[in-house]
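*Asks:* Would you be able to build a 3D model of this:
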Amino acid sequence: MLRVTLPVRRCKHMSSPLNRILFAFVVLAVTIVLAAYFAPYVYPELEYRLHGKQAAVLSKPAAAIAGHWNDDYFLLEEIDPTTLAIGEPRYYQGNCSYLIIGRQRAVLFDAGTGTRDIVPVVRSLTTLPITVIRRICTSIMSVL
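*Replies:* Numbering: from 1, shown residues only. Purely as a prediction, here's the structure:
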């Protein structure tokens, strides 16, 4: 059996303890900046997963918004006769799901945040079978 040994080149910049400490400090600083940037989105999600607390629902917007309210939480906007945007402007991320109604089936892109049940809203718009495509996960499932 032929054994080949390649020379190992060590990084000269990381050989001194001071450079290692400096590198660790830069990595820590970048981590803190990224954590601070993503904190408004991460914290409510972690609270829900760790403690079962729901994210706070914002008050109804005072300014006029395109579309019409389905209830006090979901906002519907018709994009064309077979495509509807179902918005959640009171959720801190302002999510939007899309319902596309075909001849035999309907497709719902993103099932919402789960803060409020989207099923009654979708059922009030169509009686067709609905395929839900979850935006965050890659799985496709038929649940309605």
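*Asks:* Surely Thr83 and Ile100 touch.
*Replies:* Yes. Using Cβ atoms under 8 Å, Thr83 makes contact with Ile100 at a distance of 5.2 Å. From N, CA and C alone the C-beta is placed, and that goes for glycine too.
*Asks:* In terms of neighbours, single out the busier of these two.
*Replies:* Set Thr83 next to Ile100 and count neighbours by other Cβ atoms under 10 Å: Ile100 wins out with 17 against 13.
*Asks:* so where does the residue nearest to the more buried one when sequence neighbours are not counted fall, helix or strand?
*Replies:* Spatial nearest neighbour of Ile100, chain neighbours left out: Val107 (4.7 Å); criterion: Cβ to Cβ, 6 or more residues apart in numbering. Using DSSP states H and E, Val107 sits within strand 106-109.
*Asks:* following that strand, which helix or strand comes up?
*Replies:* Counting by DSSP H and E, what follows strand 106-109 is helix 119-125.
*Asks:* could I get the one helix or strand Val132 maps to in PDB with only the CA atoms?
*Replies:* Val132 belongs to strand 130-133 when assigned by DSSP H and E. In PDB, the C-alpha atoms belonging to strand 130-133 read as follows (Å, rounded to 0.1, in the frame of the first residue of the first chain):
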ATOM      1  CA  ILE A 130     -56.200  22.800   0.500                       C
ATOM      2  CA  THR A 131     -52.600  21.800   0.300                       C
ATOM      3  CA  VAL A 132     -50.500  23.800   2.800                       C
ATOM      4  CA  ILE A 133     -46.900  24.500   2.000                       C
END
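*Asks:* what packs against that strand?
*Replies:* Where contact means 3 or more Cβ pairs under 8 Å, 6 or more residues apart in numbering; DSSP states H and E, strand 130-133 is packed against strand 106-109, strand 140-141.
*Asks:* Domain map for this structure?
*Replies:* 12-53, 68-141 (automatic domain parsing).
*Asks:* Ends of stretch 80-96, what's the gap?
*Replies:* 16 Å (Cα to Cα, to the nearest Å).
*Asks:* Not counting residues beside it along the chain, what's closest to Ile118?
*Replies:* Gly112 (4.1 Å).
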